[in-house]
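J.: Structure of the sequence below:
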Amino acid sequence: MLTNSLVELDRRHLIHPVSSFHGHEARGVRVLKSAHGATVTDSEGRDLIDGFAGLWCVNAGYGHETVVEAAATQMRDLSYATGYFDLGAEAPIRLAADLAERSPGDLDHVYFCLGGSDAVDSTIRFIRYYWHAKGEPSRDQFISVEQGYHGSASAGAGLTALPVFHDGFGLPHDWQHKIPSHYAYRNPVGCDDAAIIAASVSALRAKAEELGPERVAAFYVEPIQGSGGVLVPPTGWMKAMREVCTELDILFIADEVITAFGRTGPLFACEDEGIVPDLMTVAKGLTSGYVPMGAVFMREHVYQTLAESAGKKAIGHGFTYSAHPVSAAVALQVLKLYEGGLLENGRRQGARLQAGLAGLADHPLVGDVRGRGMLAAIELVTDKEKKTTLPASLDPANRLFDRAWENGLIVRSFAQGIFGYAPPLCCTDGEIDEIVARTRKVLDLTLEDPEIREVLRA
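T.: So this is what the prediction gives:
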């Protein structure tokens, strides 16, 4: 089918996620046709380096035949098996065991779902059940962090702290609360690590006191805030927040949907500070985006509390596609790829990416460069001293994405003028260097925009 026909069919029928419906109709879809490694090809034959791994998810890279074969073999042998009625299949059983063996601490129990959003919503249900089982049903208040992202499902979207996920949806719910982000570049306390940690600890304690410590059920946090602009906390921040939750008997939930599976270096970002959360969510890199799958890891004490409370009664939470055998077969093969050299390559290329992007710090439009491993961001400003954001008239999200695309690079372009990077772990030296070089070209072209020149002259 001709590309223009696909564009028209898309315009008429396909609703795209997190989009302006009419805005998308006006712009039209860009159709991707094929991909291999870290390169995608569009319907016009243009090759682009995917500096964002799809949507933070194609960690292993595109086109691994072993993954395709694992899925095909599982489809031929057993295309579906429900986890209801005490039934199951080999692949999800082995995957749960392999993940539990590699997870931090005693996160030994794994519940499978379809992605990050339903993983987060599953934790909310498990947590409510947990506190009822403990005889404390009044613990029904949940705290998360401003600029955090915890999915777009009905409950998790309220824990998400980005306005677009609240506007028009009646969110957040009245049991969902926020504390300020650690956002070092724009933190009111400055950039000092100790001051940022102290401010966050104080904010969490104050929020718990305001709500009543005996009413707070859980605290949600990403090891690195992804969709908020790739905001990296100071070393020691996660550990300090974990310690407050332990002291106040608040369940600590690590949302590793973006950061797990080599994105920051280790298999799980919690390993960076030796954190063992009470529950942990993953998705994206679990299957490297080849098929949908998410998971909730549960510590022994949480699992046993639920199990002992329920006794012979079923715990009423589940999905038709929980522990899908095809997704599990894919995840098992992807895990082999990670441990067969991709994690090591990701650590090496992550260091190269961070160094390369840091080399752009002297550009007139670059206010901040931040990241860890194969997860990074550049924040653009028109005044470095005042940290002035790009003018809204520039429409940074679309204009910068378009310009990167035209120069053979896919990155995340945030509305406030931030480039987000999350390349596949399979990237070569040359591909990392090209990501940096093409970014510099985009910055140079943007510097020549009349709107930018006008602001700089002022």
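J.: what's the helix-or-strand element of the chain with minimal mean pLDDT packed up against?
T.: Taking mean pLDDT, DSSP states H and E as the measure, the helix or strand of the chain with the lowest value is helix 450-457, at a mean of 83. Helices and strands touching helix 450-457, by 3 or more C-beta pairs under 8 Å, 6 or more residues apart in numbering; DSSP states H and E, are strand 376-383. In short, each C-beta sits where N, CA and C put it, glycine included.
J.: Show me which positions of the strand it packs on end up buried.
T.: Within strand 376-383, the residues that count as buried by 16 or more other C-beta atoms under 10 Å are 376-382.
J.: what do you get for stretch 260-276?
T.: In terms of neighbour count (16+ other C-beta under 10 Å), stretch 260-276 has its buried residues at 260-272, 275-276.
J.: re the thing from before, buried residues of the least confident helix or strand of the chain, list them for me.
T.: Buried positions in helix 450-457, judged by neighbour count with 16+ other C-beta under 10 Å: 451-452, 455.
J.: Pull the residues that contact it.
T.: Outside helix 450-457, the residues that touch it by C-beta atoms under 8 Å, 6 or more residues apart in numbering are 364-365, 382, 388, 390-391, 393-394, 446-447.
J.: Quick one: residues contacting Thr446.
T.: Contacts of Thr446 (C-beta under 8 Å, 6+ apart): 365, 380, 399-400, 403, 452.
J.: of those residues, closest to Gly359?
T.: Minimum distance to Gly359 across the contacts of Thr446 is 14.3 Å, recorded for Leu365 (C-beta to C-beta).
J.: Next, the contact list for that closest one, please.
T.: Taking C-beta under 8 Å, 6+ apart as the definition of contact, the neighbours of Leu365 are 380-382, 443, 446-447, 452.
J.: same thing but 7 Å
T.: For Leu365, the contacting residues are 380-381, 443, 446-447, taking C-beta atoms under 7 Å, 6 or more residues apart in numbering as the criterion.
J.: Need the nearest residue in space to it, chain neighbours excluded.
T.: The shortest distance from Leu365 to any residue that is not its chain neighbour, by C-beta to C-beta, 6 or more residues apart in numbering, is 4.8 Å, and that residue is Leu380.
J.: where do the helices sit along the stretch 251-400 of the chain?
T.: Assigned helices in the stretch 251-400 of the chain, in chain order: 300-310, 325-337, 343-358, 396-406 (criterion: DSSP state H, counting those that start in this stretch).
J.: Then the stretch 1-150 of the chain?
T.: The residue ranges that make up the helices of the stretch 1-150 of the chain, judged by DSSP H, counting those that start in this stretch, are 3-13, 21-27, 53-56, 65-77, 90-102, 116-133.
J.: List the buried residues in the fourth one.
T.: Residues of helix 65-77 classed as buried by neighbour count (16+ other C-beta under 10 Å): 67, 70-71, 74.
J.: Repeat that for stretch 408-424.
T.: Judged by neighbour count using 16+ other C-beta under 10 Å, the buried positions of stretch 408-424 are 409-415, 417-424.
J.: Next step: those residues restricted to helices.
T.: Within the buried residues of stretch 408-424, no residue falls in helices by DSSP state H.
J.: just these now: which is nearest Val291?
T.: Ranking those by separation from Val291, with C-beta to C-beta as the measure, puts Pro424 on top at 16.6 Å.
J.: In this structure the closest one contacts Cys57, no?
T.: No. Under the contact definition of C-beta atoms under 7 Å, Pro424 does not touch Cys57, with a separation of 9.6 Å.
J.: What separation do you get for Ser309 and Ala208?
T.: Counting by C-beta to C-beta, to the nearest Å, the gap between Ser309 and Ala208 amounts to 25 Å.
J.: Comparing these two, which residue is more hemmed in?
T.: Ala208 (23 against 15; other C-beta atoms under 10 Å).
J.: dump the residue contacts of Ile378.
T.: Going by C-beta under 7 Å, 6+ apart, Ile378 touches 357, 360, 366, 369, 418-419.
J.: Mind doing that once more with 6 Å?
T.: Ile378 makes contact with 366, 369, 419, according to C-beta atoms under 6 Å, 6 or more residues apart in numbering.
J.: Among the residues you listed, which lie within strands?
T.: Secondary structure of those is defined by DSSP state E; positions in strands are 366, 369, 419.
J.: Quickly note the distance from the last one to Leu445.
T.: Relative to Leu445, Phe419 is positioned 13 Å away (C-beta to C-beta).
J.: rewinding a little: what's the closest of the buried residues of strand 376-383 to Val18?
T.: For these, the minimum distance to Val18 (C-beta to C-beta) is 18.4 Å, reached by Ala377.
J.: The closest one contacts Gly420, doesn't it?
T.: Yes. At 5.1 Å, Ala377 and Gly420 qualify as touching, with contact defined as C-beta atoms under 6 Å.
J.: Quickly list what's touching both of the two.
T.: In terms of C-beta under 6 Å, 6+ apart, Ala377 and Gly420 are both contacted by the residues Val230.
J.: ok, now which ones touch the closest residue to Ser154 other than its chain neighbours?
T.: Residue nearest to Ser154 in three dimensions, not counting chain neighbours: Asp121, with 7.0 Å by C-beta to C-beta, 6+ apart. Counting by C-beta under 6 Å, 6+ apart, Asp121 makes contact with 153, 155-156.
J.: give me that answer again for 10 Å
T.: Counting by C-beta atoms under 10 Å, 6 or more residues apart in numbering, Asp121 touches 113, 150-151, 153-157, 159, 281, 296, 317.
J.: What confidence value was assigned to it?
T.: Note on Asp121: pLDDT of 98.
J.: Count the neighbours of Arg158 for me.
T.: Just to correct that, residue 158 is Gly rather than Arg. Residues near Gly158, counting by other C-beta under 10 Å, number 25.
J.: With adjacent residues omitted, what lies nearest to Arg263?
T.: The spatial neighbour of Arg263 that comes closest, neighbours along the chain excluded (C-beta to C-beta, 6+ apart), is Leu375 at 5.2 Å.
J.: Just read off the phi/psi values of that neighbour.
T.: Torsion angles at Leu375 (phi, psi; degrees, to the nearest 10) stand at phi -140, psi 120.
J.: Would you agree it is in contact with Ala422?
T.: Yes. Using C-beta atoms under 10 Å, Leu375 is in contact with Ala422, at 5.4 Å.
J.: shared neighbours of those two, anything?
T.: Common contacts of Leu375 and Ala422, defined by C-beta under 10 Å, 6+ apart, comprise 53, 56, 226, 230, 258-259, 263, 353.
J.: care to break the protein down by domain?
T.: When the chain is parsed into structural domains using automatic domain parsing, the resulting residue ranges are 31-64+338-457, 81-323.
J.: want to throw the ones you listed into JSON lines with distance to His24?
T.: Formatted as JSON lines, those follow (distance: least, C-beta to C-beta, whole Å):
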{"stretch": "domain 31-64+338-457", "distance to His24": "11"}
{"stretch": "domain 81-323", "distance to His24": "14"}
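J.: So for Gly23, which of those sits nearest?
T.: Closest to Gly23 of the domains of the chain, according to C-beta to C-beta: domain 31-64+338-457, at 8.4 Å.
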